[in-house]
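> Let me see the structure of the following:
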Amino acid sequence: VQLVESGGGMVQPGDSLKLACVTSGRTIVGYAMAWFRQASGKEREIVAGITWSGSTTYYRDSVKGRFTISRDDAKNTVWLQMNNLEPDDTAVYYCAADERLYRISPSRLRNDYDYWGQGTQVTVSS
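As a prediction, the model looks like this:
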């Protein structure tokens, strides 16, 4: 599975961005998907995850109420809508796929994800 992220950029605090992850090479039907981020000098951390059906999602506490993860397998795409962005959201954002089929909840662990995109930079600064 190949993953390609897009939609990053430089914005001001309070602005919004919508990241997209387009997949190819193999269907992601049945896969949990997630967005991770890595700020300079810090560990990669999960931001949000979504099950194969879209019925269960996970968000880290700092983005709850501001970010929304969604997917459309017919379009081979996963999105991350980010509203009310804060400077602490500055990082490279990565899309990831977990090939273990039909998980009932998305894993929060980086090592559970088998495929990764190249990342897209998000910078929030005034």
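> name the helices or strands packed onto the helix or strand W79 falls within?
Per DSSP states H and E, W79 falls inside strand 77-82. Judged by 3 or more Cβ pairs under 8 Å, 6 or more residues apart in numbering; DSSP states H and E, the packing partners of strand 77-82 are strand 17-24, strand 32-38, strand 45-50, strand 67-72. (Each C-beta comes from the backbone N, C-alpha and C, glycine too.)
> Out of those strands, which is the most enclosed?
Counting by mean count of other Cβ atoms under 10 Å, strand 32-38 has the highest mean neighbour count of those, with a mean of 24.
> and the angle from that strand to strand 77-82?
Put simply, strand 32-38 runs at 50 degrees to strand 77-82, going by axes from the mean of the first three to the mean of the last three Cα atoms, to 10 degrees.
> Need the per-residue pLDDT for the residue nearest to L17 when sequence neighbours are not counted.
Leaving aside its sequence neighbours, L17 sits nearest to M82 (Cβ to Cβ, 6 or more residues apart in numbering; 4.9 Å). M82 is assigned 98 on the pLDDT scale.
> now swap in T27 and tell me
We have a pLDDT of 89 for T27.
> so who does the residue nearest the centre of the chain touch?
Most central in the chain under Cα atoms, centre = their mean is W35, positioned 1.9 Å from the mean C-alpha point. Contact analysis of W35 by Cβ atoms under 8 Å, 6 or more residues apart in numbering lists 19, 21, 46-49, 69, 78, 80, 93-96.
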